[in-house]
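Asker: Here's my sequence, what's the structure:
(one chain, ligands or ions: 1)
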Amino acid sequence: MVHQGYWNNQSVTISVKPNCLTISVGSKEVFSYDLAGRLWTALLDEVSYRRGLDGKIVAKWLTPDKNRRRRWLSPKEAADLIQHGHLLLRALLEKLRNKEIMVNPPLDEKGWSDLEIAASFDIGSAEADVVKYHQVYKPVGILPPDQYISVVLQAAEGCSFNTCTFCDFYRDRPFRIKREDEFREHIRAVKTYLGKGLSLRRTIFLGDANALVIPMPRLISLLEVVHDELDVESLGGIFAFLDGFSGERKTPQDFARLAEMGLKRVYIGMESGHAPLLKFLRKPGTPQDVLQAVQNIKGGGVAVGIIVLLGAGGKTYEMDHVRDTIQLINTMPLDTNDLIYFSELVENENLPYVQTAFQHSLQPLSTEERIQQGEMIENNLIFNPKRGIPHISRYDIREFVY
Ligand code: SF4
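Answerer: You can find the predicted model right below:
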């Protein structure tokens, strides 16, 4: 329900939705909250903000020449933004209560309640919420971009490989699979923590990096726990990574069974179709393993999200990476339900990749060259028109927020 009015000669819109509350004042201030009252997004002077459950806030804007820019707010800036929203909503609430502002149609019970809850979200409650978040979750390392608004359930912790030189998401976290009772307790803690904010979440993401390497009998038991605790279908189904390939491999029949239990899409960090580059990156498995996994997943009726690492191996591997990646993707039975993500290699000095690249005198690709590499791959992909074209987009891990 959308309620409109005027405040200081500016329009005010209060949008009361089943899953969130959005307040707009004039054309330059918009604040959205989940139904537990957590600040979720904001828009101020054409800069958009997204707050993660861990309290971090990323700001994004377009430059006059239409280039995308991004910056993470300092703790002080994040607190100022929260306080700005808090004071704005508190003042609005007071004026509405005093009938100094009238909105049409008038707020109903849910509208008043959602507004009161959101207006109470100040720096103190934001800090307390972050403390609770860390009691429930081990830091969520990364998610695919279409899963930033999922509810993450950490069935396993860490990555079962932890060898890839370009990845440090789980370096300090040994891989382990949760026991059933422990997982149930985790899900209950997540539900209590999210509270009414659960309604904002659109899917379930089974964490961490590699939950689908869990052997079938154990995985089925863990998924049964998810079904006991949550309405999987109404939450949009289950999504997960399958990364690196060794040990138990799941068959098309296994994936069909997982699809029956709500599995919708599996994300695969393929990185490249060029085997020597995968070796150089210390990525477990071969391009053939990736292809086999995609065939098995698709054979079981589950969609895939393929992630390609742009810039990997610098100029030394540039053209081999392009050629073999095109060739591998063109061999996959992809369709309109699948995704292909182009993710730029992000180098920081803590990564073993940077040291190895230096030892091998690799010349890195510039940002423009990485974008061109993605375009070269994309322009040469051939899909079966009968199956349809997968959605292709960019994946910037520096913008990840949960
Ligand atoms: S398999 Fe994935 S999560 Fe694990 S180290 Fe490699 S890139 Fe990182």
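Asker: Next, the contact list for residue 194, please.
Answerer: 36, 151, 201 (Cβ atoms under 8 Å, 6 or more residues apart in numbering). Heads up, the C-betas are built off the backbone N, CA and C, glycines and all.
Asker: Same check on residue 5?
Answerer: 11-12, 101-104.
Asker: Could you give the bridge partners of it?
Answerer: On the basis of DSSP bridges, residue 5 is bridged to residue 12, residue 103.
Asker: Just give the nearest non-adjacent residue to residue 242, would you?
Answerer: residue 212 (4.1 Å; Cβ to Cβ, 6 or more residues apart in numbering).
Asker: What does that neighbour show for phi and psi?
Answerer: Torsion angles at residue 212 (phi, psi; degrees, to the nearest 10) stand at phi -80, psi 0.
Asker: Around the ligand, which positions in the stretch 51-200 of the chain sit nearby?
Answerer: For the stretch 51-200 of the chain, the residues in contact with the ligand (Cβ under 6 Å from any ligand atom) are 159, 161-164, 167, 169-170.
Asker: got any ranges where the stretch 101-250 of the chain has weak pLDDT?
Answerer: Along the stretch 101-250 of the chain, the parts satisfying pLDDT under 70 run over 246-248.
Asker: Strands along that one, start to end?
Answerer: Ranges of strands in the stretch 101-250 of the chain, per DSSP state E, counting those that start in this stretch, are 103-104, 151-154, 156-157, 176-177, 204-207, 238-242.
Asker: Need those in TSV (columns: mean neighbour count).
Answerer: Supplementary listing: the strands of the stretch 101-250 of the chain in TSV, determined by neighbours: other Cβ atoms under 10 Å:
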stretch	mean neighbour count
strand 103-104	13
strand 151-154	22
strand 156-157	20
strand 176-177	15
strand 204-207	24
strand 238-242	26
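Asker: So residue 147 is in contact with residue 240, correct?
Answerer: No - counting by Cβ atoms under 8 Å, residue 147 does not reach residue 240; the two are 9.4 Å apart.
Asker: what touches both of the two?
Answerer: 205, 267.
Asker: Helix, strand, or coil at residue 264?
Answerer: With DSSP: H, G, I helix; E, B strand; the rest coil as the basis, residue 264 sits in strand.
Asker: Tell me if I'm right that it and residue 303 touch.
Answerer: Yes - between residue 264 and residue 303 there is a contact at 6.3 Å, judged by Cβ under 8 Å.
Asker: Can you tell me the closest non-neighbouring residue to residue 363?
Answerer: With Cβ to Cβ, 6+ apart, the residue lying closest to residue 363 is residue 315, at 4.4 Å.
Asker: a helix runs through that neighbour, doesn't it?
Answerer: Yes - under three-state DSSP, residue 315 sits within a helix.
Asker: mind starting the numbering at 332 from now?
Answerer: All right, first residue 332 from here; so that's residue 646.
Asker: That one: how many residues sit nearby?
Answerer: 12 (other Cβ atoms under 10 Å).
Asker: try residue 405
Answerer: For residue 405, using other Cβ under 10 Å, the count is 10.
Asker: Please apply the same query to residue 475.
Answerer: Using other Cβ under 10 Å, residue 475 has 21 neighbouring residues.
Asker: mind listing what it touches?
Answerer: With Cβ under 8 Å, 6+ apart, residue 475 has these contacts: 570, 572, 598, 636, 638, 670, 672, 726.
Asker: between these, which is closest to residue 407?
Answerer: Of all the contacts of residue 475, residue 726 has the smallest distance to residue 407: 29.8 Å, by Cβ to Cβ.
Asker: hang on, the closest one packs against residue 640?
Answerer: No - assessed by Cβ under 8 Å, residue 726 is found out of contact with residue 640, at 9.6 Å.
Asker: follow-up on the earlier one: distance of the residue nearest to residue 573 from the ligand?
Answerer: 12 Å (Cβ to the nearest ligand atom, to the nearest Å).
Asker: before we move on, what about residue 475?
Answerer: On the measure of Cβ to the nearest ligand atom, residue 475 and the ligand end up 12 Å apart.
Asker: for the contacts of residue 336, which one is nearest residue 446?
Answerer: Set against residue 446, the nearest of the contacts of residue 336 by Cβ to Cβ is residue 434 (10.3 Å).
Asker: Tell me who's in contact with that closest one.
Answerer: Contacts of residue 434 (Cβ under 8 Å, 6+ apart): 334-336, 343, 345, 427.
Asker: Swap in 10 Å and give it another go.
Answerer: Shown in contact with residue 434 (Cβ atoms under 10 Å, 6 or more residues apart in numbering): 333-338, 343-345, 423, 427, 442.
Asker: Would you mind giving me the ChimeraX syntax to select the buried ones in the residues you listed?
Answerer: A single ChimeraX command selects the buried members of those (16 or more other Cβ atoms under 10 Å):
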select :334,336,338,343,345,423,427,442
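Asker: Between all of the contacts of residue 434, which two are separated the most?
Answerer: The most distant members of the contacts of residue 434, if one measures by Cβ to Cβ, are 337 and 442, lying 17.3 Å apart.
Asker: beta partners of the residue of the stretch 582-731 of the chain at minimum distance from the ligand?
Answerer: Per Cβ to the nearest ligand atom, residue 600 is where the stretch 582-731 of the chain lies closest to the ligand, at 4.8 Å. Beta bridges link residue 600 to residue 638 when assigned by DSSP bridges.
Asker: Counting neighbours, what do you get for it?
Answerer: Counted with other Cβ under 10 Å, residue 600 comes out at 26.
Asker: Does it touch residue 635 like I think?
Answerer: No - with contact defined as Cβ atoms under 10 Å, residue 600 does not count as touching residue 635 (11.5 Å).
Asker: Now do the shared contacts for these two.
Answerer: 573, 621.
Asker: So what's the gap between the longest helix along the chain and the chain middle?
Answerer: Determined from DSSP state H, the single longest helix within the chain is helix 406-428. Averaging C-alpha positions (Cα atoms, centre = their mean, to the nearest Å) puts helix 406-428 27 Å from its chain's average.
Asker: And for stretch 522-530?
Answerer: 18 Å.
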